[in-house]
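S.K.: pasting the structure only:
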């Protein structure tokens, strides 16, 4: 056995704190001021009210609230977005590697005296609770978006009901736990080495009683951890017994048992206003930093009124402004003295996009996706929308990533820019087989049609029968969210573009709430709206993707495994073996720190993605966040987001 041991001493903690003085948030790690004052944060993304660690799905605002309220981890990300041990949680750790199997075990002892917000002590079992649940048959039954059961020793047998516990998740004593990761997973994939190796040791403190009900706990009889009801050992850990309780806990917006820097006090579902207050029991982040702001109010903004809200003080932090026109308007408010504010700017770790459903209707054909790309002038789109604060990209990344910067020369040669061209769009449509007219004869005008099989038709409802042939029209069903300036610009530059009709394409636009649109994308009622979303209905949708850290791991995002897809992975439903393999290989089988190998596969992945085009990237921009001068030491960056930066801010008043 190879063995690596590390004891986190007081001297090491002090050294780490000193080394981070120049990072986001500046000095004072562990020396937080007494929390006071409040800030009102405006966000364009309406909350869904699901505070469940993205175990099902969530959006940017939900994730922000979850991070602020329930973020007690053994391994977290530092102010540069890289994984680091959480010195406020971990007392010591030990890493062992089995030379025979290549399996790796992280043994972690947590500090004594950690507390949930209700005052209850956090112990080792609490750091295993959610990991065990994620591997359980119940998680499968509830449709959780998880895949870790394939890589954790004993995870798949427990999930399939073939084992009573998870062998690789151990509660060794009251404050010590361990997790064993397989070198080769149950699905045949290689999981070690792993480029983001330390991430394997990230465990979150959660209360079993809160999530599953009184009596439920995480236990270990000596063979591995499992969830049981200690008050009623005959109770089954299944949906019939605890499913309703879990659903209620997901959406509970007060009196939550959590362990983050803030407590969720209330959520108004009509106004989408969220109120958070500092948690006095919070242990501190990885540097020991605790909140300096007593109250955070998060409120929904609309594009057409957001500047008025900022100018009149209805909001005083406008986070990560995307629309370049709004950026310029916000800076004008600062320059002319309308608001007493400052701002930070940084490259975005993300991008805006059109996502295509690659298994449904015309967009199942690569040529149609290419044709749409050629019919949207993305250079003009980015220039118009970003107004000088962004540019076009041609792959799934943001300009903040080091890999993107290091690949600019290569990508300028290898990536298709899908230059605007009606002729190129027509050629792509013809190559995809859309060569017929409505009468089944050679295309001359109107909407293009393609002869298809029953399997190709699927749930698409626009097909017609002509002379015994099934014809699919090139009619694109587009879903977009309401009150969205990106949707409006797509409407002008693509939906209303006369060249779309000239090419033989018709686009139907349907506007809906953002949560409903996501339900159609996920093909499940992820947000409790009600209704059946399992049947494919729309061919494309516009939204955005962002990363909360510098960890770029797309494994499973293009999985071909039906079981994995059913839990919420592979949103475009693109069945491309090469893309799936590259997305896995870029992180699995690559040693931590081997940037050259990682970069090589990452570049191959981006090039393949650009070819099959499951999404059409529209822009990656420079973010601007406006904040009031009632706070100081607010230093947000690409990978130090609002949730992290606000911990270092201090309220100084009017």
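M.R.: Noted; the coordinates are in hand. Being a predicted model, the structure only gives us computed values, none of them experimental. Numbering: from 1, shown residues only.

S.K.: Could you use CA atoms for every contact and neighbour count after this?
M.R.: Will do.

S.K.: can you pull out the helices in the stretch 351-500 of the chain?
M.R.: 366-374, 378-386, 402-406, 408-414, 422-431, 454-457, 485-490, 498-503 (DSSP state H, counting those that start in this stretch).

S.K.: I'd like these as CSV, with mean neighbour count appended.
M.R.: Below are those laid out as CSV (neighbours: other Cα atoms under 10 Å):
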stretch, mean neighbour count
helix 366-374, 24
helix 378-386, 20
helix 402-406, 15
helix 408-414, 13
helix 422-431, 20
helix 454-457, 13
helix 485-490, 18
helix 498-503, 18
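
S.K.: quick one, which of those is nearest to residue 292?
M.R.: The minimum distance between residue 292 and the helices of the stretch 351-500 of the chain falls on helix 402-406, with 31.5 Å, by Cα to Cα.

S.K.: can I get the helices of the stretch 351-500 of the chain in TSV with mean pLDDT and distance to residue 588?
M.R.: Formatted as TSV, the helices of the stretch 351-500 of the chain follow (pLDDT from 0 to 100; distance: least, Cα to Cα, whole Å):
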stretch	mean pLDDT	distance to residue 588
helix 366-374	98	28
helix 378-386	96	34
helix 402-406	96	17
helix 408-414	97	23
helix 422-431	98	35
helix 454-457	97	34
helix 485-490	95	36
helix 498-503	98	42
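
S.K.: for the ones you listed, which one sits closest to residue 629?
M.R.: Short answer: helix 378-386, nearest of the helices of the stretch 351-500 of the chain by Cα to Cα, at 26.0 Å.

S.K.: The most far-flung residue of the chain relative to its centre: what's it in contact with?
M.R.: Residue farthest from the centre of the chain, counting by Cα atoms, centre = their mean, is residue 467 at 47.5 Å. Residue 467 makes contacts with residue 440, as judged by Cα atoms under 8 Å, 6 or more residues apart in numbering.

S.K.: what's the distance between it and residue 433?
M.R.: 18 Å (Cα to Cα, to the nearest Å).

S.K.: which stretch among the helices of the stretch 351-500 of the chain comes nearest residue 226?
M.R.: helix 402-406 (40.1 Å).

S.K.: related to what we said a few turns ago, right, so of the helices of the stretch 351-500 of the chain, which gets closest to residue 518?
M.R.: Of the helices of the stretch 351-500 of the chain, the one closest to residue 518 (Cα to Cα) turns out to be helix 485-490, at 14.7 Å.

S.K.: contact partners of that closest one?
M.R.: Residues outside helix 485-490 that contact it (Cα under 8 Å, 6+ apart): 303, 323, 381, 385, 480, 481, 542.

S.K.: mind checking the backbone torsions on the second one?
M.R.: Spelled out, that is residue 323. The phi/psi pair for residue 323 (degrees, to the nearest 10) reads phi -70, psi 120.

S.K.: Can you tell me the number of residues neighbouring it?
M.R.: Other residues within reach of residue 323 by the criterion other Cα atoms under 10 Å amount to 23.

S.K.: what's residue 508 in contact with, if anything?
M.R.: Applying Cα under 8 Å, 6+ apart, we find residue 508 in contact with 475, 476, 477, 478, 495.

S.K.: 6 Å instead, please
M.R.: Applying Cα atoms under 6 Å, 6 or more residues apart in numbering to residue 508 gives the contacts 477, 478.

S.K.: If it is in a bridge, with which residues?
M.R.: Counting by DSSP bridges, residue 508 is bridged to residue 477.

S.K.: so how far is residue 373 from it?
M.R.: Using Cα to Cα, which is the criterion applied here, residue 508 is 17 Å from residue 373.

S.K.: Over to residue 598?
M.R.: 29 Å.

S.K.: swap in residue 552?
M.R.: To residue 373, residue 552 is 25 Å away according to Cα to Cα.

S.K.: now do residue 541
M.R.: 14 Å.

S.K.: again, but for residue 416
M.R.: For residue 416, the distance to residue 373 - Cα to Cα - is 10 Å.

S.K.: now do residue 641
M.R.: Taking Cα to Cα, one finds residue 641 at 31 Å from residue 373.

S.K.: what sits up against stretch 165-184?
M.R.: Outside stretch 165-184, the residues that touch it by Cα under 6 Å, 6+ apart are 102-110, 123-124, 151-155, 158, 190-192, 220, 223-226.

S.K.: Buried subset of these, written for PyMOL?
M.R.: A single PyMOL command selects the buried members of the contacts of stretch 165-184 (16 or more other Cα atoms under 10 Å):
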select buried, resi 102+103+104+105+106+107+108+109+110+123+124+151+152+153+154+155+158+190+191+192+220+224+225+226
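
S.K.: Sort out for me which of the contacts of stretch 165-184 are in helices.
M.R.: Judged by DSSP state H, the contacts of stretch 165-184 include 124, 155, 158 as members of helices.

S.K.: just checking, the second one touches residue 147?
M.R.: No. Counting by Cα atoms under 6 Å, residue 155 sits too far from residue 147 to count as a contact (9.6 Å).

S.K.: In contact with residue 285, which residues?
M.R.: Applying Cα under 6 Å, 6+ apart to residue 285 gives no contacts.

S.K.: host element of it?
M.R.: Assigned by DSSP states H and E, residue 285 belongs to no helix or strand.

S.K.: for the one 3 residues further on, same thing?
M.R.: Residue 288 is part of no helix or strand when elements are defined by DSSP H and E.

S.K.: Model confidence at it, what's the number?
M.R.: Here the pLDDT value assigned to residue 288 is 96.

S.K.: what residues are up against residue 386?
M.R.: By Cα under 6 Å, 6+ apart, residue 386 lies in contact with 323, 324.

S.K.: Residue 353 now?
M.R.: Counting by Cα under 6 Å, 6+ apart, residue 353 makes contact with 542, 543, 544, 616, 617, 618.

S.K.: how about residue 515, phi and psi?
M.R.: Main-chain torsions, residue 515, degrees, to the nearest 10: phi -60, psi -40.

S.K.: Then residue 333?
M.R.: According to degrees, to the nearest 10, residue 333 has phi -60, psi -30.

S.K.: Same question for the one 5 residues further on.
M.R.: Its backbone dihedrals place residue 338 at phi -60, psi -40, with angles given as degrees, to the nearest 10.

S.K.: Now residue 104. Nearest residue, chain neighbours left out?
M.R.: In space, and not counting its chain neighbours, residue 104 is closest to residue 97: 4.4 Å by Cα to Cα, 6 or more residues apart in numbering.
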